[in-house]
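**Student:** quick one: sequence and predicted model below, then my questions.
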Amino acid sequence: MRIDRMVQFILMSSSCFLLFCVAANAAPPQALDKTVTVSFTNFVPALCSNGRYNTKARTTTQQIYISTKGRTFVKGVAHAGRLSGSHIAAPSQSRFHFSGNKLVAIFPSASGARREIISFDPSFHSCTAQLTYGEESGKPFTWTSLAGVRCTGTGKPEVSNVSCSIADGNVFAR
């Protein structure tokens, strides 16, 4: 009998812990049924595997819908010169998660990653976005271009023209 009670206690404690973890990543109620749009331009001087130098900045726009259940749906579009690419991510594939009043995502590349932090005002009527690029220790930032070519940075990533806005409702349903 005593072992059964101990097992019940452990199971109840772990389920409470799991509920806390899920709640900690839950979207704040003010964020529900909103679409966040983030745009930015980034440029990394680089030598690419095709022997060419990267001379084009990439402009990216992301639309992130936070559903009435707090799930994030993402559509991203990127342009660099004449090239473009897009992706759509369902909640199970979305890299975005809430940490308090911030929406955070890590986007890994071939070597290094981009961290994106979207901060909201208390009413979730305005936002700001911060992007940081990181490199693996001792390695240059490396990524695959929109042309499918591997590029290796010869300088630091530069980010500009960062904007963030919020709209009520689901942009994908319009």
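**Tutor:** Thanks, I have the structure now.
**Student:** what residues are up against the residue nearest to the spatial centre of the chain?
**Tutor:** Note on the chain: the residue nearest the mean C-alpha position is residue 105, at 3.2 Å, using Cα atoms, centre = their mean. Contacts for residue 105 (Cβ atoms under 8 Å, 6 or more residues apart in numbering) come out as 94-97, 115-116. From N, CA and C alone the C-beta is placed, and that goes for glycine too.
**Student:** count the neighbours of residue 43 for me.
**Tutor:** Using other Cβ atoms under 10 Å, residue 43 has 18 neighbouring residues.
**Student:** and residue 140, how far is that from residue 29?
**Tutor:** As judged by Cβ to Cβ, to the nearest Å, residue 140 and residue 29 stand 43 Å apart.
**Student:** more crowded one of the two?
**Tutor:** Taking residue 140 and residue 29 together and counting by other Cβ under 10 Å, residue 140 has the greater number of neighbours (17 against 8).
**Student:** you'd agree the more buried one is up against residue 111?
**Tutor:** Yes. In this structure residue 140 lies within contact range of residue 111 using Cβ atoms under 8 Å: 7.0 Å.
**Student:** identify the contacts common to the two.
**Tutor:** residue 152.
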